[in-house]
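[1] Give me coordinates for this.
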Amino acid sequence: MWVAGFLAALSGGNILWLFLGTFFGLIIGVLPALGANFGVALMLPFTFGLDTAAALIFLCAIHAACNYGDSIASILLNVPGGPGTVATCWDGYPMAQQGMGGRALGIATLSSFIGGTIAWLSLAGLAIPIGNLAMKIGGPEYFVLGLMALSLVSVASKGETIKGLIMACLGLLLSTIGQDPVTGLTYRFSFGIPWLEAGIPIVVSTLGIFAIAQIITLLEEGKIIAKTIDVHDSIFSGFWEVIRRPLTVLRAGIVGWFVGILPALGVALAGVTSYLVEKNYSPERERFGKGAPGGVVAAEVGKGACVIGDLIPTFTLGIPGSVTGAILMGALIIHGVDPGPRFLLSGKLPYIVFAGLLLGQFAYLIFGPFVCKILAKVIFLPTALLAPVITVLAFLGAFTERNYTFDILIMVAFGIVAYAFGKIGYPVVCMVLGLILGPIIETNFSRSLGIDYGSYAIFLQRPIALTLLIITLLFLTWPYFKDRLGIFKKVNIIDNEARATQETKVNNGEILTLIFIGVINIIFTYEAVRYQENVRLFPMVIIIASLVLIVPRLLILIKLALKHKYLKKDFIRSPKEKEQCCVLPWPISMILFLAYAAMVYLTGFAIASTIFVIATAFCAGYRKWLILLSIGVGVGIFTLVFGNILHILLPQGVILKAILY
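    Alright, predicted model coming up:
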């Protein structure tokens, strides 16, 4: 199967998508603050016309190349291109300042490749054993696996377990909108809106949560003012620095792999942890932070191992190892494949995808050194131009899935809500995972109860399901038992920081958020009463669990607010912060997005996109009118060409229709 997988991955169509994904990923990667989550979410809707293998190869190539491209900005600007390259800045930028920018980029290239290859070998070794285990898994096990995924991601949400569980419940509740998988009822929780009868599209919600929310942040934070460092030395000179440090590679690879397979920890922790471990053991530890090649090697190997490592639980167990893993799970579902064990039973498909993962590593290894210096210039594109152009792509992607203008409004709504949740520290990845896994969890929940004639005891009678339940409970309760027993009391710095962060974020915004989520639960409860018992059973279970989490926390926050303790207004900027915000405040961005959605309905995509790009750039302070008008008109023409190429019937707009017809 492995041979067949590699041959299929190397076929003309798949290899083309591999290269396209690598190229796009490199461009997104070098742009600070965007990252792999943004890149994969943005391109997800454009994979509908592809077969499953090509779509996953394309998205996985973007994932790998984005995480590698992040290193370019980190080394040349001392600005992390993404969360995984924070540690790369610590020695990469000093190397560039010393005239060794090319060598640092070379180290990043080969180190990322080696780290990814180490993790890929473990994936290849684990695929068959996990596939054999999958043969023994039924409805109860799939249901508990889904709960386990949501719980583990919630526990890993920066110490905010309760917040993560609340967001997971919200995602599960929203996933019940649309057709009931048990009875086939098509209008459940649609509230009379016909476009909701098919449910909330995964692509639309994902684009809103990751693309729109990130664009709002990008516009709010403004341009990155930094001094570029020219690269004069050879990039390939850095390869030897990696080869001559096998122990560093081994240590960082193990650390990065281990962090990767743990749900939701991500590349940020992998890079920093690998760096700190190496700093303790390296003979050149005194040079760390001053331009030590070993520091860059450790950070990049750890990051590279984590990038592939976090796909191991994603593809084999249906538990996302990262935010990007959750998006890739959504891609599997969109293409008709259940993530997790059933994916491993899909013939040669998993072997094609796994082969594509390794080929993706080779792709950026081959192309990366030759395009690094060119792509570095992309970093200095003005945010005022870049953000609206990316927004047009996101709007096109939202419309592409179902050809509904209403989906654009859903995307904007999710983007605004995700931005607000992010401001007060509520992990939106938990909500995304709830939306993605909701139908699978509900289907297997109902199937399990049907097997045992409505008895919940079936989840305790199946050995695998019971084992997974115990593991889930241990993960959920361990932080609390650990604090009670005083375990790691002296060394648990991370938990202390998380606790301090939690205290400082007790604010009006969180109180309003909990009230908002509570109102949603009450509305769903009122609507659920109208349905039959078997239709409302799963939603009511989620509502009860959500309220059990929300009400006690809300009461505690209100009590603290009344005592004027820890009261903080996150959404109001201080005068000093306002001066630093040099593009667009978030309210104006939101108004522009809503106006764009309205213009698409009134004037069509081409005219609306042209006006939106020009208006947004102007509001952001861009005044080079010739360039601005050229880009605006060019984007409008692009939308028309794009629609014709993909055979998408873009809306003309009611005003244009009235004029023409």
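[2] Poorly predicted segments of the stretch 301-450 of the chain, please.
    Residue ranges of the stretch 301-450 of the chain with pLDDT under 70: 376-380.
[3] If you could redo that for the stretch 1-150 of the chain, that was the one I meant.
    32-33, 79-83, 131, 134-135.
[4] Just the helices from it, written as ranges.
    Assigned by DSSP state H, counting those that start in this stretch, the helices in the stretch 1-150 of the chain fall at 2-9, 12-30, 35-43, 52-77, 86-97, 101-134, 139-155.
[5] okay, those helices, which one's buried deepest?
    When the helices of the stretch 1-150 of the chain are scored by mean count of other CB atoms under 10 Å, the highest mean neighbour count falls to helix 52-77 (a mean of 29). Where you see a C-beta, it was placed from the backbone N, CA and C, and this is true even at glycine.
[6] quick check: angle from that helix to helix 35-43?
    Put simply, helix 52-77 runs at 140 degrees to helix 35-43, going by axes from the mean of the first three to the mean of the last three CA atoms, to 10 degrees.
[7] Reformat the helices of the stretch 1-150 of the chain as TSV; add distance to residue 548.
    Below are the helices of the stretch 1-150 of the chain laid out as TSV (distance: least, CB to CB, whole Å):
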stretch	distance to residue 548
helix 2-9	46
helix 12-30	40
helix 35-43	30
helix 52-77	36
helix 86-97	37
helix 101-134	33
helix 139-155	14
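[8] just so I know, which of those lies nearest residue 419?
    In terms of CB to CB, the element of the helices of the stretch 1-150 of the chain nearest to residue 419 is helix 35-43, at 13.4 Å.
[9] Name the residues that touch that closest one?
    21, 24-25, 28-29, 58-59, 62-63, 66-67, 70, 81-83, 206-207, 209-211, 214, 307, 323-324, 327-328, 390, 393-394, 397 (CB atoms under 8 Å, 6 or more residues apart in numbering).
[10] picking up where we left off before, quick one: closest of the helices of the stretch 1-150 of the chain to residue 614.
    Across these, residue 614 has its closest neighbour in helix 35-43 (21.7 Å, CB to CB).
[11] relative to helix 12-30, how tilted is the closest one?
    130 degrees.
[12] gap between helix 35-43 and the chain center?
    Centre-to-centre, helix 35-43 and its host chain are 7 Å apart (CA atoms, centre = their mean, to the nearest Å).
[13] Relative to residue 598, tell me which of the helices of the stretch 1-150 of the chain wins on proximity.
    Residue 598 lies closest, by CB to CB, to one member of the helices of the stretch 1-150 of the chain: helix 35-43, at 22.4 Å.
[14] Just give me the neighbour total for the nearest residue to residue 212 once chain neighbours are set aside.
    Using CB to CB, 6 or more residues apart in numbering and skipping the chain neighbours, the partner closest in space to residue 212 is residue 415 (2.6 Å). Residue 415: 27 surrounding residues under other CB atoms under 10 Å.
[15] where exactly do the helices run in the stretch 351-500 of the chain?
    Assigned by DSSP H, counting those that start in this stretch, the helices in the stretch 351-500 of the chain fall at 383-402, 406-423, 428-451, 458-461, 463-485, 493-504.
[16] Now distance to residue 109 too, for these, in JSON lines please.
    Below are the helices of the stretch 351-500 of the chain laid out as JSON lines (distance: least, CB to CB, whole Å):
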{"stretch": "helix 383-402", "distance to residue 109": "25"}
{"stretch": "helix 406-423", "distance to residue 109": "32"}
{"stretch": "helix 428-451", "distance to residue 109": "29"}
{"stretch": "helix 458-461", "distance to residue 109": "48"}
{"stretch": "helix 463-485", "distance to residue 109": "36"}
{"stretch": "helix 493-504", "distance to residue 109": "31"}
